[in-house]
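J.: fold the following for me, if possible:
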Amino acid sequence: MSGILIVGAGQAGFQAAASLREAGLTGPLTLVGEEAQPPYQRPPLSKAYLAGKTDARGLLLRQETFFTEHAITHRRARATGIDRAENRVRLEDGDALAYDHLILATGTRNRALPVPGADLVGVHGLRSLDEADALKSALEHAKNIVVVGAGFIGLEFAAVCAARGLSVTVIEAAPRVMARAVSAETSQAFRDFHEAAGVTIFFGVGVSAIEGADGHVTSVALANGKNLPADLVLVGIGVVPNQELAAEAGLTVQDGIAVDAFLATSDPAISAIGDCARFPTRFAAGLPGGDRVRIESVQNAVDQGRCLAARLTGRPAAYDAVPWFWSDQGPRKLQIAGLGSPEDSSVLRRAGAGFSVFRFRQGRLAAVESVDRPADHMAARRIIAAGRSLTPEQAADPAFDLKALATA
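T.: Numbers count the residues shown, from 1 in each chain. Next up, the predicted model:
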């Protein structure tokens with residue numbers, strides 16, 4: 001018996017392995033990952049880890065002894081190919097691992113900035129622990145910081161830098177921050193917060209080149225002719241799915257590895273989960289791209305790992321978890337339930353220092369963005385999951401009892 005082989009030792013891969021053992025799997029179980037560290041949490045890298053509020057040990061999903069105690073073989077290696085005819089995965093070191101079932105949890109990688117100078121010393125990405133360590137070291141001597149991209153990672157990093165009193169400039173090609181992820185109302189609130197903290201933000205302009213001297217970055221040239229001094233640049237312009245293994249093996253891919261509602265690929269012996277998987281969900285109904293989405297979140301990785309483990313141990317059920325996300329930017333906490341779209345209508349609900357934006361699509365609640373309103377967020381997750389009816393008028397009324405509706 002070859003057992004189950006998981007390629008990708010991030011949140012999704014680890015969760016699948018842990019859940020398989022918890023569900024009673026007794027056969028061979030192997031987890032393959034490229035990084036030297038045991039599986040760890042990525043979200044704190046751009047926040048608590050860079051701010052010095054936690055260390056590398058505090059990031060670990062489990063201590064190294066967990067794998068021995070649960071008979072999980074953890075191979076530190078890079079997978080280079082899948083032989084579907086022989087049910088084997090080739091590794092870069094020349095070894096090959098057999099499988100009865102293969103789980104692809106290959107995740108994503110940083111999208112590269114396609115301009116001259118992007119490879120200069122001082123230009124960083126932020127997805128791995130090694131990249132976070134390089135940034136921590138560089139921050140000790142940095143004075144002028146430029147962040148390319150006003151998404152979650154870029155703004156979280158900008159908030160950390162601003163709290164240290166550093167000069168921070170954010171460059172965003174879109175007309176507002178987090179434009180793909182949140183409503184105009186939430187976007188404006190976070191722009192106001194960052195600018196009040198001393199962060200300068202340029203909108204509607206791209207980077208034409210990164211300039212340097214002696215191999216190290218010295219400035220960032222913008223497409224509008226402006227030149228910004230910089231001794232540290234963070235590129236945070238999104239990620240791309242690691243789907244090459246699947247594509248080369250002949251599996252269906254389209255901005256992610258295509259899976260069905262049970263997280264199975266076009267090969268019944270192979271499944272895919274986490275950031276790399278594109279799957280159908282009722283929560284995407286009415287979105288411009290249809291009802292198939294690829295979601296980059298801890299929630300999705302964890303829930304898909306559990307769902308797949310249940311199927312592989314005899315308890316199959318379609319994946320139907322409500323998507324939810326969060327971003328800590330300085331003292332402000334953004335929590336999102338559901339999947340929003342630029343075409344959605346929005347209703348603002350204010351209460352105390354925080355607020356929530358309720359986003360409606362085709363007359364139904366599709367997503368809720370809560371800023372420093374955790375109770376609204378928890379209620380929203382239940383309301384969206386159950387498909388309960390909520391009108392825009394009710395959503396806007398601070399006196400309307402969301403918790404009662406959520407638990408009805």
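J.: let me see the domain layout of this structure.
T.: 4-108+240-312, 112-237, 331-407 (automatic domain parsing).
J.: for these, which one sits closest to Tyr319?
T.: Nearest to Tyr319, of all the domains of the chain, is domain 4-108+240-312, at 4.7 Å by C-beta to C-beta. All C-beta atoms are positioned from the backbone trio N, CA, C, and that covers glycine.
J.: ranges for the helices of the stretch 301-408 of the chain?
T.: Using DSSP state H, counting those that start in this stretch, the helices of the stretch 301-408 of the chain run over 374-386, 392-396, 402-407.
J.: quickly compare the ones you listed and say which is most buried.
T.: helix 374-386 (a mean of 20; mean count of other C-beta atoms under 10 Å).
J.: how far off centre is that helix?
T.: Its chain's C-alpha centre lies 20 Å from the corresponding centre of helix 374-386 when counted by C-alpha atoms, centre = their mean, to the nearest Å.
J.: tell me what it is packed against?
T.: Contacting helix 374-386 under the criterion 3 or more C-beta pairs under 8 Å, 6 or more residues apart in numbering; DSSP states H and E are the following elements: strand 332-338, strand 354-361, strand 364-371, helix 402-407.
J.: quick one: closest of the ones you listed to Leu126.
T.: Of all the helices and strands packed on helix 374-386, strand 332-338 sits nearest to Leu126, with 18.1 Å by C-beta to C-beta.
J.: average pLDDT across that closest one?
T.: Mean pLDDT, strand 332-338: 98.
J.: quick one: it to helix 374-386, angle?
T.: 10 degrees (axes from the mean of the first three to the mean of the last three C-alpha atoms, to 10 degrees).
J.: list the helices and strands strand 332-338 packs on?
T.: Against strand 332-338 (3+ C-beta pairs under 8 Å, 6+ apart) you get helix 184-196, strand 324-329, strand 364-371, helix 374-386.
J.: follow-up on the earlier one: mind putting the domains of the chain in a markdown table, distance to Phe325 included?
T.: Shown next, in a markdown table, are the domains of the chain (distance: least, C-beta to C-beta, whole Å):
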| stretch | distance to Phe325 |
| --- | --- |
| domain 4-108+240-312 | 5 |
| domain 112-237 | 8 |
| domain 331-407 | 4 |
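J.: select, out of those, the one closest to Asp320.
T.: domain 4-108+240-312 (7.1 Å).
J.: that closest one - what's its average pLDDT?
T.: 97.
J.: helices of the stretch 51-200 of the chain, start to end?
T.: Along the stretch 51-200 of the chain, counting by DSSP H, counting those that start in this stretch, helices occupy 56-59, 65-69, 129-139, 152-163, 184-196.
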